[in-house]
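Chemist: No sequence on hand, only this structure:
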């Protein structure tokens, strides 16, 4: 895909790296220049013995060199093991040991790879094409419960997913895509970066998110497609960001978490554009369903993309089957067998329903369900009601132990302005909106909700903050 784009769009910008305030790269990397850098790195990796079928760990922050390294690994017929440097050291060490990697690429060793490229310069062709079923990348699931599993994605998984991403989002070679989500995660890697290179568009890349830098970059670089997690949209709504900053954006998209209907409507009113969404997981490459201009229903995550089927089990769990489903969990046949049945259906662990028009709606994670004396309480449904209060910016609800009820809900809340609401005010507001079982027995205010690098709320961390509530008033 990239070789084709580097021929057709050789002099077009491929990467505009906005590493403010350093601005490490003043000039955009064109497709031709990115291809040159990719070849340098491929020769350097070949010098260190990387060959077809090997695993190469890439532990780099968002930067053009990470993209070049990823493409170089693929050019050699090897597979990239994507590691976010923001992960705890113990997690990185565990993943590295598990992967049996041939070479480790980080900020230090990538310089060695560049310096070694000249020693392999006489080899005319390094390309060793991967087959459709070969592993192209191993990405690690978000690990919101503390456990991470390596997800093996094949060439077919990625190619089909990327091609449909390009088509269903309406991406063109003239577009400029905002990207500050980590490229070591499936959303950033496949849905944004690889789809961009497949299309021949330009990637406006940031190492990380900073509100002012992103707003300035959107204007300065005439960004036309904006990709983010819901927390970012909520933050800009809270800050009442001037619509001027998004004047060039024709397409907004969110993933990795849920955005409330209220926030979606407010965004459309303030900035004149819908925020589109989709649904998927690392295990589904990630694209599984899509909301786009021709298929859109507020509050839903759309309908399945071509070649993908969705079904709902008797307990409400969502199952997915199609070209997007992973090969399996790396070196974990037991978990793979638990997740993918003999007919190829992948159990997502998410709860949802399909309406009479075929649109998929999400309710919550199956593992997040609160079992209150045998009654089901879905935290996401409670969270939707809490954020209706005008003082609330974000909310997360978890189950905490209770001596009589088994579990009861506890709400963690981030206010738009400090001290703009009290527990008593929120409880009075929620009384007519929630059932007795749904009503939070505890409310705790936080400055921010804990999130992993891909933007998902770490509810496991919140559960560890739990305190058993008193027995009175239950």
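Modeler: Yep, it's here. Keep in mind that this is a model prediction, so the values were computed, not measured.
Chemist: quick one, what contacts residue 435?
Modeler: For residue 435, no residue meets the contact criterion (Cβ atoms under 8 Å, 6 or more residues apart in numbering). For the C-beta atoms, the positions are set from N, CA and C on the backbone; glycine is no exception.
Chemist: The chain should start at 702 in everything you say after this.
Modeler: Okay, residue one is now 702; in that scheme the one you just asked about reads as residue 1136.
Chemist: Assign a three-state SS to it, would you?
Modeler: coil (DSSP: H, G, I helix; E, B strand; the rest coil).
Chemist: Any figure for the gap between it and residue 767?
Modeler: In this view, residue 1136 and residue 767 are 48 Å apart by Cβ to Cβ, to the nearest Å.
Chemist: now swap in residue 753 and tell me
Modeler: Residue 753 sits 22 Å away from residue 767, taking Cβ to Cβ as the criterion.
Chemist: Compare the two (neighbour count), which wins?
Modeler: residue 767 (24 against 12; other Cβ atoms under 10 Å).
Chemist: any idea how far the more buried one lies from residue 807?
Modeler: Taking Cβ to Cβ, one finds residue 767 at 10 Å from residue 807.
Chemist: Likewise for residue 957?
Modeler: 25 Å.
Chemist: Name the residue in those two with the higher neighbour count.
Modeler: residue 957 (23 against 15).
Chemist: OK, contacts around the more buried one?
Modeler: 882, 888, 930-931, 1155-1157.
Chemist: Check residue 947 too.
Modeler: 919, 927, 972, 974.
Chemist: Now do residue 993: how many residues are near it, please.
Modeler: 19.
Chemist: ditto for residue 1059
Modeler: By the criterion of other Cβ under 10 Å, residue 1059 has 14 neighbours.
Chemist: Wait, it touches residue 1004, no?
Modeler: Yes - Residue 1059 lies in contact with residue 1004 (Cβ atoms under 8 Å); the separation is 5.4 Å.
Chemist: thinking again about what came up before, what is in contact with residue 767 and residue 807 at once?
Modeler: residue 761.
Chemist: pretty sure residue 1046 contacts residue 1018?
Modeler: No - using Cβ under 8 Å, residue 1046 is not in contact with residue 1018; the gap is 10.4 Å.
Chemist: Going by how many neighbours each has, rank these two and give me the top one.
Modeler: residue 1046 (18 against 15).
Chemist: Residue 964: which of the contacts of residue 947 is nearest?
Modeler: Checking the contacts of residue 947 against residue 964 with Cβ to Cβ, the nearest one is residue 972 at 11.7 Å.
Chemist: count of residues packed around that closest one?
Modeler: 21.
Chemist: do residue 714 as well
Modeler: 19.
Chemist: pLDDT score for the spatially closest residue to it that is not a sequence neighbour?
Modeler: Ranked by Cβ to Cβ, 6 or more residues apart in numbering and with sequence neighbours excluded, the top spatial neighbour of residue 714 is residue 729, at 3.7 Å. At residue 729, the model reports a pLDDT of 91.
Chemist: same thing with residue 823?
Modeler: Per the predicted model, pLDDT is 54 at residue 823.
Chemist: Is it correct that residue 802 falls within a strand?
Modeler: No - counting by three-state DSSP, residue 802 is not found in a strand; it is coil.
Chemist: what's the domain layout of this structure?
Modeler: Segmentation of the chain into domains, based on automatic domain parsing, reads 703-1061, 1070-1165.
Chemist: Of those domains, which stretch is the most buried?
Modeler: Ranked by mean neighbour count under mean count of other Cβ atoms under 10 Å, the domains of the chain are led by domain 703-1061, which reaches a mean of 19.
Chemist: and the end-to-end length of it?
Modeler: 33 Å (Cα to Cα, to the nearest Å).
Chemist: Pull the distance from it to the chain's centre.
Modeler: Computed by Cα atoms, centre = their mean, to the nearest Å, the chain-centroid distance of domain 703-1061 equals 7 Å.
Chemist: what's the longest helix seen in the chain in contact with?
Modeler: Longest helix of the chain, by residue count under DSSP state H: helix 732-748. Here helix 732-748 makes contact (Cβ under 8 Å, 6+ apart) with 703-704, 706-707, 710-716, 730, 757, 765-766, 768-770, 772-774, 776-777, 779, 804, 811, 813-822, 824, 827, 901.
Chemist: Which ones among those residues lie within helices?
Modeler: 703-704, 706-707, 765-766, 768-770, 772-774, 776, 811, 813-817.
Chemist: In contact with residue 1022, which residues are there?
Modeler: Contacts of residue 1022 by Cβ under 8 Å, 6+ apart are 1009-1010, 1012, 1044-1047.
Chemist: In those, find the pair that's most separated.
Modeler: The most widely separated members of these, counting by Cβ to Cβ, are 1009 and 1044 (14.4 Å).
Chemist: pLDDT of stretch 1117-1126, averaged?
Modeler: For stretch 1117-1126, the per-residue pLDDT averages 93.
Chemist: Could you check how far that stretch is from the centre of its chain?
Modeler: Centroid separation for stretch 1117-1126 versus its chain: 31 Å, with Cα atoms, centre = their mean.
Chemist: who's in contact with the nearest residue in space to residue 963 that is not next to it in sequence?
Modeler: Distance criterion Cβ to Cβ, 6+ apart; nearest residue to residue 963, sequence neighbours excluded, is residue 1089 at 6.5 Å. Counting by Cβ under 8 Å, 6+ apart, residue 1089 makes contact with 963, 1130, 1134.
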